[in-house]
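**Student:** fold the following for me, if possible:
(2 chains)
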Amino acid sequence: MLTLQLLLNGLALGAAYALCALGFVLILNATGAVNFAQGDMVTAGGFAAVALATVWPVPGVVLLPAVIVLTAVLGLVLSAVAYFPLKSRPPVAVFISTIALGIIFQNTANVVFGPEPRAAPPLLGGGTLRLGEIVIGSQSLAIVAVAAALIVAQYLLFARTQLGRHMRATAQDRDMAEALGVRVNAMIALTFALATALAGAAGLLLANVFFVTPTDGMNYILKAYIAATIGGWGRIAGAVLGAMLIALFEVIFPALPLLVPLPAGAAWVFSQTVATIVLYLALLAILFWRPQGLLGESARRRA
Amino acid sequence: MTAPVSRQHLGRPGCLRQAMPPRHIIGAFGDGRFWAISALVLTVGVWIIAMKNTLAFVIALLGVIAAFRTLPAQAQSAGPIEVNIPVLVPITGYLSLEGQSQRNGALLAVKNAPAGIRVRAEVTDTGVAPEAAVNALERAAGRGPVTAVAASMLGTQMLAMLPVAKDYKLPLITVSGTAEITQMNNPYVFRFFPGDDVTKVAHVRYAVEELGKRRVALIYQTTAYGQSGRRQILEQLGKSGLAPVFEDGLEVQIRDMLPVLSKAKAAGPDVLMIHLHSGPTALLIRQAAALRIGLPIVAGSAMHQPPTADLLGPGELRGVCAEANASPVSGGSPGIERFVQQYRQEFGMEPDGFALGQYDGIMMVLDAIAKGARTAEDVRRALSTMRYEGLAMSYRSDGTGNMAHSAVIMCFDGSSRTPRIVKRYDNITGALSN
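**Tutor:** Numbering: from 1, shown residues only, chains lettered A, B, ... in the order given. Now for the predicted structure:
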């Protein structure tokens, strides 16, 4: 029973991480540069939901479209300020400019919303569902459902629409796409908007269960970066897989003493602190033995 | 910022019970009247002499100029006493909530400075990096005479700032709970929040003596704050012949508490003792309520902060208690109620015990100045020896800079987010009796 509960919690956390990592990889593929403000876009989504809920106290699912639009606009601003003026410079320039914008965002959020943790409204309604011994957070179920819907929508956009094809063409070969008449800059700006909208949606999903503070972004970008590395640098499916693995590891590993019989005295190995150490050791191992990630690398170059 | 002088004062006025040392006699004329009268006498003398002899006039005039040049700066005018108290606190980073309380408490004290004292209190954000705090302190010290510093409550920053404060001879007024900061034999640190060696006594004694619990599950933060609290909790449990049946440390960014709560519950505890920062405290309590873990929770001081309680529903808070230096929103005295009212007006939020502790600390500094202290060294000496009746409690140094020796336990009854103080532990260290 506990296993099921842990799996659901891990899936919910992983789904939200996946939205952030997905956006991270979309921008990476479109521009060849790392957007280090992606984690801060997650917190932007959380704060947008908090702000909207104060003037319009409705369930999070009603606020979700507005949050997506707001964070998409933020993505356009991000591209205009941090990418386009520097696009002819080495990728490290964009990397640094996104870090700068992220810090600006953190401090702005600190001034506007204050440093204290804030909670966004639940997607549908708070509370838990009790199935026998299992307690399932209704928000966790809603997070999995909404994140899955957004990931599928993103897939359909890229696979089934002309706009998506243009965006993919831009990501694959910018010069060729431009030669074929694709408006490359518009596609890159749209990619930024889509990526930050996904992060914003993740922010709304996470901000009810796990709250939101101005400095949470660094944690999320680290998770996105590790997810992209584990899954395969530049691989969209790899980012989702990596995010799920990280979240499941975070939730399941410390609880292993409750799930499998272990020798006496071995429980300390499964403390939260050791879990973090093991996660990063696993990352190092992947970098060492399978640097292309689990699904292989597709990005043209690493930042 | 430079705060305007205000005659408004909250509650009972602070009281330095010991007379100031004789060298502070100048302070008895702190408004400059003594020097103004002296200058007038000298000027009249010069005028009389000038009527008789030009040479005598010139000599006397030079004497007057020389006399004025030897006077302290503030004595040359009859204006307010100018003091400089930089506020170096973490406004950003994971401790920004507590840092904001520190800043607000310090600024409110500056606003309520006794009549005749003008305080320059420039706020600098120290973030969470030790080097940022050290740089801020060095910059503040380099900008001119500093009377005292409202210093970061982040233990690692305090540990880094202490040697610098000793070099510059600047008293640091803090509410940091990290035990080590007053164990370094540094005479320039003054902690106006009970250290873990006080609060954890209350924390453990309440769980063991009042609730009658013997099987403790301990969950703490892996930061310096959390480790310090853990050590003290284990020590206090040891004094009762107890050891936790479960313990685990959490990093600040851990989001899902299900694993740790499940493991804690599996160990069969009869009480959950937690020592976490604000956000993780709320996360753990919310998830414990969702799991219907069915254990009383005795939390660390983060739980007494109103923003932490605001994250939770009253139902989720049922059965949760916490230690703190004070719980201003719970009231308790007319002075505290006036403090809460003014705090709300100034900052539009609810005050916590950190704000009140920092307020009391700066008020004690200002009281020492009002009673004659002029330099940082005077303030250090006053804080080292005097007793002060603050709003939260009585303060007196135990010889190492620990000024606060009392703690309270507050509990939520499940009907609101405002806790009720259920137990006071006064003078735990015995320092107030010496």
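**Student:** nearest residue to whichever residue of the stretch 1-150 of chain A sits closest to chain B in space, please, no chain neighbours.
**Tutor:** Nearest residue of the stretch 1-150 of chain A to chain B (C-beta to the nearest C-beta) works out as A:P115 at 3.1 Å. From N, CA and C alone the C-beta is placed, and that goes for glycine too. Nearest non-adjacent residue to A:P115, counting by C-beta to C-beta, 6 or more residues apart in numbering or on different chains: B:S96, 3.1 Å away.
**Student:** for the one you found, grab the count of nearby residues.
**Tutor:** Per other C-beta atoms under 10 Å in any protein chain shown, the neighbour tally for B:S96 reads 25.
**Student:** that one contacts A:V111, correct?
**Tutor:** No. Using C-beta atoms under 8 Å, B:S96 is not in contact with A:V111; the gap is 10.9 Å.
**Student:** would you mind naming what in chain A lies close to chain B?
**Tutor:** Residues of chain A lying close to chain B by C-beta under 8 Å from any C-beta of the partner chain are A:2, A:5-6, A:9-10, A:13, A:106-107, A:110, A:114-119, A:128, A:135, A:137, A:206, A:209-211, A:213-215, A:219, A:250-255, A:257-258, A:267, A:271-273, A:276.
**Student:** now intersect these with the strands, please.
**Tutor:** A:T128, A:V135, A:G137 (DSSP state E).
**Student:** now for the residue of the stretch 1-150 of chain A closest to chain B: which residues touch it?
**Tutor:** Residues counted as contacts of A:P115 (C-beta atoms under 8 Å, 6 or more residues apart in numbering or on different chains) are A:T213, A:P214, B:I91, B:T92, B:S96, B:L97, B:G99, B:Q100.
**Student:** hmm, 7 Å instead?
**Tutor:** Residues in contact with A:P115 (C-beta atoms under 7 Å, 6 or more residues apart in numbering or on different chains) are A:T213, A:P214, B:S96, B:L97, B:Q100.
**Student:** report the contact partners of A:T71.
**Tutor:** If a contact means C-beta under 7 Å, 6+ apart, then A:T71 has A:M41, A:A44, A:G45, A:A48, A:T196, A:A197, A:A199, A:G200 as its contacts.
**Student:** go with 8 Å
**Tutor:** A:T71 makes contact with A:M41, A:A44, A:G45, A:A48, A:T196, A:A197, A:A199, A:G200, A:A201, A:G203 under the criterion C-beta under 8 Å, 6+ apart.
**Student:** can you check B:G155 too?
**Tutor:** With contacts defined as C-beta under 8 Å, 6+ apart, B:G155 is in contact with B:S176, B:G177, B:T178, B:E180, B:I181, B:A224, B:Y225, B:S228.
**Student:** ok, the residue nearest the centre of chain B to B:A121 distance?
**Tutor:** Taking C-alpha atoms, centre = their mean as the criterion, B:Q358 is the residue nearest the geometric centre of chain B, at 3.0 Å. Here B:Q358 is placed at a distance of 12 Å from B:A121 (C-beta to C-beta, to the nearest Å).
**Student:** so what sits against both of those two?
**Tutor:** Common neighbours of B:Q358 and B:A121 (criterion: C-beta under 8 Å, 6+ apart): B:A106, B:A150.
**Student:** what is the neighbour count of B:G357?
**Tutor:** B:G357, neighbours per other C-beta under 10 Å, totals 33.
**Student:** my guess is the residue nearest to the centre of chain B contacts B:S101. True?
**Tutor:** Yes. B:Q358 is within contact range of B:S101, at 7.2 Å (criterion: C-beta under 8 Å).
**Student:** helix, strand or coil for B:M273?
**Tutor:** Following DSSP: H, G, I helix; E, B strand; the rest coil, B:M273 is assigned to strand.
**Student:** closest to chain A out of the contacts of B:G155?
**Tutor:** Of those, the one sitting nearest to chain A (C-beta to the nearest C-beta) turns out to be B:A224, at 14.3 Å.
**Student:** A:V240 and A:G232 touch, don't they?
**Tutor:** No. With contact defined as C-beta under 8 Å, A:V240 does not reach A:G232; the gap is 10.8 Å.
**Student:** low pLDDT regions in chain A?
**Tutor:** For chain A, applying pLDDT under 70 flags the ranges A:126, A:133, A:298-303.
**Student:** could you check how far the residue lying farthest from the centre of it is from chain B?
**Tutor:** Largest separation from the mean C-alpha position in chain A: A:A264, at 38.1 Å (C-alpha atoms, centre = their mean). Using C-beta to the nearest C-beta, to the nearest Å, A:A264 is found at 14 Å from chain B.
**Student:** what's the answer for A:I286, then?
**Tutor:** From A:I286 to chain B the distance is 21 Å (C-beta to the nearest C-beta).
**Student:** emit the ChimeraX select command for whichever of the ones in strands among the residues of chain A next to chain B are buried.
**Tutor:** With 16 or more other C-beta atoms under 10 Å in any protein chain shown as the criterion, this ChimeraX line picks the buried residues out of these:
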select /A:128,135,137
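**Student:** wait, what's in contact with the closest residue to A:M218 other than its chain neighbours?
**Tutor:** Using C-beta to C-beta, 6+ apart and skipping the chain neighbours, the partner closest in space to A:M218 is A:G39 (6.0 Å). A:G39 makes contacts with A:C20, A:G102, A:A199, A:D216, A:G217, A:M218, A:N219, A:Y220, A:I221, A:L222, A:K223, A:A224, as judged by C-beta under 8 Å, 6+ apart.
**Student:** secondary structure element holding the closest residue to B:I233 other than its chain neighbours?
**Tutor:** Using C-beta to C-beta, 6+ apart and skipping the chain neighbours, the partner closest in space to B:I233 is B:K200 (5.1 Å). For B:K200, the host element (DSSP states H and E) is helix B:196-205.
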